[in-house]
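Colleague: What would the 3D arrangement of this be:
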Amino acid sequence: MISTRGRYAIRVMIDLAEHDNGSCIPLKDIAARQGISKKYLEIIVKDMVSGGLISGVSGKGGGYKLCRSAEEYNVGEILELMEGTLSSVACLAGGANECPRRDICRTLPMWEEYDQMVHDFFYEKSLKDLMSQKPAT
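Modeller: Residues are numbered from 1 along each chain as shown. Predicted structure coming up:
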């Protein structure tokens, strides 16, 4: 399941892209538009800055902005930064110990196929794609 951290990070990225005027956007403005606690967003954007998704400037005129154009981001990289692995089972997560049943596991091919579908789905969607989506009614 994708947590609020991942979902809110995507919302922040869309907000930054939609309101990009070349200047940094104050977090309080993003929080107000998105209806998300500024305090919670402070935690999320800190990780986004550390992960290189956005840049931040402190002080007067400070705020956040994208490091790249919206079409250069994909949803998969945002979610993996915020959520960690998107693997469905522990044995397929990066850095996992190899399962002793790997050679005889009849379900492993299914999990590998599922994980590939999830990966492809999120990595084929750009931030710009999301910006062009109509909100659900």
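Colleague: pLDDT below threshold where in this structure?
Modeller: 137 (pLDDT under 70).
Colleague: quick one: the helices in it?
Modeller: Assigned helices in the chain, in chain order: 4-18, 27-34, 38-50, 75-83, 108-123, 127-131 (criterion: DSSP state H).
Colleague: How many residues are close by Met110?
Modeller: Other residues within reach of Met110, judged by other Cβ atoms under 10 Å, total 12. Where C-beta positions appear, they are placed from N, C-alpha and C, glycine not excepted.
Colleague: Arg11 now?
Modeller: Number of residues near Arg11 (other Cβ under 10 Å) recorded here: 19.
Colleague: How about Ala9?
Modeller: Look at Ala9: counted by other Cβ under 10 Å, it has 26 neighbours.
Colleague: contacting residues for the closest residue to it other than its chain neighbours?
Modeller: Distances taken as Cβ to Cβ, 6 or more residues apart in numbering put Met82 closest to Ala9, at 4.6 Å, once the chain neighbours are dropped. When contacts are counted by Cβ atoms under 8 Å, 6 or more residues apart in numbering, Met82 is found next to Ser3, Arg5, Gly6, Ala9, Ile44, Asp47, Met48.
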